[in-house]
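Visitor: Sequence and computational prediction follow.
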Amino acid sequence: MTAPDLRVLGRTGVRAVALVLHGGQETSKVRAHRLRPAYLRMLPFAHDLRWAGRHAGLAAWQLCYRYRGWNGPDRDPVVDARWALGEIGRAHPGAPVVVVGHSMGGRTALHVAGAERVAAVCALAPWTPEGDVVDQLAGRTVLIAHGDQDTVTAPGRSLRYAVRAKEVTDAVCRFDVLGEGHSMLRRAREWRLLVRRFTLGALGITELDHVIASALAKSSPGGLSVPL
């Protein structure tokens, strides 16, 4: 039977976990694997988060889904992410989790935000179809970042999603990564720094970065189209 796969960075002294989710396709039951570009794109984020938070007990768990696709009502990556959250809960009871996802993984991260152990969500260039659910974000801290030149997932849609999310939780901010497309390669360092600062701040490992904190504090639509 096909099963999800987890790469675990940090197994002892764990006090918090970053769950890292890769992108995919709208429809595909082809097996996902660790050599796909979508998975490899997120590996530097997992390693950076583990390195930056290691002294505070931050582990990074990187999920490889069973399938490459979202697959309509099956929502296969959501099923897999919930499974991964269950594994984290069994390994580290009570540890808060920040879910970090790119593209389809960003949508997945937003969908699983309502899980009990999730404290915050970081959605990078997320696929956010019109009318996608936001109620599960209540009580969570949410950061969305989108390249302004992304032609794969629409920045305008993630902005509209952020506006709706702000009606559910005050703690929402969104950044426009200037000059960047979907792959996050042109400004890779800035993407990683943004994710690191948000994750460590949301978990209380460090003070929340002042730029992120300022964006979170603004009333909608302020703080939802901050240039990076």
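Guide: Received the coordinates, thanks.

Visitor: Quick check: phi and psi on the residue minimising distance to the centre of the chain?
Guide: What sits nearest the mean C-alpha location of the chain, by C-alpha atoms, centre = their mean, is V100, with 2.3 Å. In terms of degrees, to the nearest 10, the main-chain angles of V100 are phi -120, psi 120.

Visitor: try W61
Guide: phi -110, psi 120.

Visitor: Quick one: the helices in the chain, in order.
Guide: Ranges of helices in the chain, per DSSP state H, are 37-53, 76-91, 104-111, 155-165, 188-202, 210-217.

Visitor: ok, and which of these has the densest surroundings?
Guide: When neighbours are counted by mean count of other C-beta atoms under 10 Å, the highest per-stretch mean among those falls to helix 104-111, a mean of 28. Any C-beta I mention is one placed from the backbone N, CA and C, and that applies to glycine too.

Visitor: Contacts for that one next, please.
Guide: 19-26, 38, 42, 70, 75, 77-78, 81, 99-101, 121-128, 132-134, 136-137, 142, 144, 153, 161 (C-beta atoms under 8 Å, 6 or more residues apart in numbering).

Visitor: Return the subset of those residues lying in strands.
Guide: The strands, defined by DSSP state E, take in 19-21, 99-101, 121-124, 142, 144 from the contacts of helix 104-111.

Visitor: Distance to T12 and pLDDT added to these, as JSON lines?
Guide: Formatted as JSON lines, the ones in strands among the contacts of helix 104-111 follow (distance: C-beta to C-beta, whole Å; pLDDT from 0 to 100):
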{"residue": "L19", "distance to T12": "18", "pLDDT": "98"}
{"residue": "V20", "distance to T12": "19", "pLDDT": "98"}
{"residue": "L21", "distance to T12": "24", "pLDDT": "98"}
{"residue": "V99", "distance to T12": "22", "pLDDT": "98"}
{"residue": "V100", "distance to T12": "22", "pLDDT": "98"}
{"residue": "G101", "distance to T12": "26", "pLDDT": "98"}
{"residue": "V121", "distance to T12": "26", "pLDDT": "98"}
{"residue": "C122", "distance to T12": "25", "pLDDT": "98"}
{"residue": "A123", "distance to T12": "30", "pLDDT": "98"}
{"residue": "L124", "distance to T12": "29", "pLDDT": "98"}
{"residue": "V142", "distance to T12": "30", "pLDDT": "98"}
{"residue": "I144", "distance to T12": "33", "pLDDT": "98"}
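
Visitor: so where's the chain shaky on pLDDT?
Guide: In the predicted model, the chain carries pLDDT under 70 at residues 1.

Visitor: need the contact list for the nearest residue to P4 once chain neighbours are set aside.
Guide: Nearest residue to P4 in three dimensions, chain neighbours excluded: D80, at 4.3 Å (C-beta to C-beta, 6 or more residues apart in numbering). Applying C-beta under 8 Å, 6+ apart to D80 gives the contacts 4, 63, 65-66.

Visitor: Which of those residues sits closest to K218?
Guide: L63 (32.1 Å; C-beta to C-beta).

Visitor: give the contact list for the closest one.
Guide: Listed by C-beta under 8 Å, 6+ apart, the contact partners of L63 are 4-6, 19-22, 80-81, 84.
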